[in-house]
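[1] here is the input, now give the coordinates:
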Amino acid sequence: MPVYCYRCGSCGRTMEEFFHRTKHARSPRCPGCEKRMQRDIHAEFGGPRAQGQWPIYSDAMAVHPSQIADAKHQADVLGVPTEFVEQDCPEADKWAGQPIFTSQRHQDEYLRKVTGGKIVNLDKYG
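    Below you'll find the predicted structure:
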């Protein structure tokens with residue numbers, strides 16, 4: 001299923017959602033201000049990030065809070081140390097279990113290592 005990324009034009013909150021193509025009909029409402037969110041195509045397809053937009057917190061690659069210690073250990077063992085958000089912070093749109101990526105290279109390397117290299121040519125998207 002594809003990942004759809006959204007950004008709220010009112011409050012700036014971001015979110016990622018998984019939808020089957022046939023079930024994706026309308027943009028979701030922002031959990032913060034209840035206004036309709038707009039799709040963020042650049043985030044979905046690895047578009048260029050402006051200077052200063054790192055680190056990012058990924059919903060799509062988040063783990064359950066009970067798995068944070070194991071996920072950190074796995075990332076260390078794989079040679080791509082990664083921190084995770086430890087507790088929810090709704091005001092900052094950070095949620096327990098989200099990995100914290102410090103650069104595009106860090107995110108790409110994490111994906112390659114965690115998936116065992118099953119991601120095909122990430123470079124063409126970024």
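[2] shouldn't residue 56 be in contact with residue 101?
    Yes. In this structure, residue 56 is within contact of residue 101 by Cβ atoms under 8 Å, at 5.1 Å. Where C-beta positions appear, they are placed from N, C-alpha and C, glycine not excepted.
[3] which of these two has more residues huddled nearby?
    The neighbour count for residue 56 versus residue 101, taken as other Cβ atoms under 10 Å, is higher for residue 101 (22 against 17).
[4] surely the more buried one touches residue 62?
    No. Between residue 101 and residue 62 there is no contact under Cβ under 8 Å: 11.7 Å.
[5] list the residues that contact both of residue 56 and residue 101?
    Counting by Cβ atoms under 8 Å, 6 or more residues apart in numbering, the shared contacts of residue 56 and residue 101 are residue 107.
[6] can you list the domains in the chain?
    1-45, 51-126 (automatic domain parsing).
[7] pipe the ones you listed into CSV and attach mean pLDDT per row.
    Compiled in CSV, these are given as follows (pLDDT from 0 to 100):
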stretch, mean pLDDT
domain 1-45, 76
domain 51-126, 84
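[8] ends of stretch 60-80, how far apart?
    Using Cα to Cα, to the nearest Å, the end-to-end distance of stretch 60-80 comes to 18 Å.
[9] list the buried residues of it.
    61, 62, 63, 68, 71, 72, 75, 80 (16 or more other Cβ atoms under 10 Å).
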